[in-house]
Structure formats: C-alpha cells, structure tokens
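>>> here is the input, now give the coordinates:
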Amino acid sequence: MRGSLGVRSAATPPARRFGRVSEKWFEDYVVGTTTEHGSVRVEEAEVVDFGRRFDPQPFHVDREAAADGPYGGLIASGWHTCALMMRLLAQEYLSPVSSLGSPGIDELRWLRPVRPGDELALRTTVQEARLSRSKPDRGLVRTHVELVGTGGAVVLSLLAMNLVRARPAQR
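So this is what the prediction gives:
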C-alpha cells in the first residue's frame, strides 16, 4: 500500500498494466494490487464546453480572463476531471459483467490544476475487498483511485467503493 508520500511498502505488489477490462469478478480484485491503466488527453474545446454547461467560472470558459486569473490560464473544472476519471474507470477497471454500481466515494481531492493538452492516466490500488454476509453473490471493493497528470504528478485522488458480483459457481 502507498503511504501519504506515495512510497511503496515492501508488502505491496508491483503495479500491473492491463488493457480494457472485460470479465473481472469480485475475486479478481486482490487487496494491495496497484494497476496502471490507460489515459485520456484533455482537449481545450471539452474544457470550455464542460465549463459553460456545468461550472461557468472564468478560468474554465474564457482563455483571456483565465490568463489573468489565479491559475495563469485555462483549467478544467474539477468535476470535468472527475468525469474523465470515471470514463477511464468504466473502460479500464470496472467489468461490465460484474459491476453493480457504487454506494459512494470518500476523500475526493483535486490536488493540481488540469490544463488543456494534459494527458491523464488512471492508477488504482485495491484497499479492501469484502464479501457481503447478507448477499454472498457480491462484495464491496474499496479502491484508491488516482489520476496522474503530465509530468507524473497526481492531480486527483479519491477512495471509491464499488459493489461487484462474485464469480458464478461452476456447474
């Protein structure tokens, strides 16, 4: 598991790389596993469009005003960054055959501004996997999710909880 400074402990397995996920069950989410997933490029037109529609602050929608603002240029809304993270999570981590949704997230942090042209990569670490006592056909998986930006700095982190189906019994 990574500490607060991102240092890997000796007990933590090395990161693994996967492509798009297809079939993954509760039992496949192994505590301590860190995985590097795919990435997405942040496009200026999408930053402005999202900002206009959902977070109309000058530093999200107006390049000239943003240049004189607190970030020295246009930045993506934190909620846009979350949406990009969710797209990667759905494509790269959550299996369409077993994902049952989420009861919520904890500890959402926007750690650095995200700018047009940045490449954001998804990194996940399984922190807990607990089979349900009342519904043994599923379990709760708690995952530390990070978006790593251009240059290697973490720009977003959160703890996600996902309900995941257990592997069906073989007949």
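
>>> mind checking which helix or strand residue 79 is in?
If you go by DSSP states H and E, residue 79 is part of helix 78-92.

>>> got the buried residues for whichever helix or strand comes after that helix?
As assigned by DSSP H and E, the chain's next helix or strand after helix 78-92 is strand 104-110. Buried positions in strand 104-110, judged by neighbour count with 16 or more other Cβ atoms under 10 Å: residue 110. Just so you know, the C-beta spots here come from the backbone N, C-alpha and C atoms, and that holds for glycine as well.

>>> kindly report the same for stretch 38-46.
38-40, 42, 46.

>>> average pLDDT across that stretch?
In this model, stretch 38-46 has a mean pLDDT of 98.

>>> do the same with stretch 93-106
96.

>>> how far off helix 78-92 does whichever strand or helix holds residue 40 point, in degrees?
For residue 40, the enclosing helix or strand under DSSP H and E is strand 34-41. Per axes from the mean of the first three to the mean of the last three Cα atoms, to 10 degrees, the angle that strand 34-41 makes with helix 78-92 is 120 degrees.

>>> now the helix or strand following strand 34-41, how far from the centre of its chain.
Using DSSP H and E, the helix or strand that follows strand 34-41 towards the C-terminus is helix 44-54. In terms of Cα atoms, centre = their mean, to the nearest Å, the centre of helix 44-54 is found 20 Å from the chain centre.

>>> pull the residues that contact helix 44-54.
For helix 44-54, the external contacting residues (Cβ atoms under 8 Å, 6 or more residues apart in numbering) are 57, 60-61, 74-77, 79-80, 83, 116-117.

>>> ok, residues contacting the helix holding residue 79?
Counting by Cβ under 8 Å, 6+ apart, residues outside helix 78-92 touching it are 18-21, 37-40, 42, 46-47, 50-51, 54-55, 60, 76, 108, 110, 114, 120, 122, 124, 145, 147, 155-156, 158, 160.
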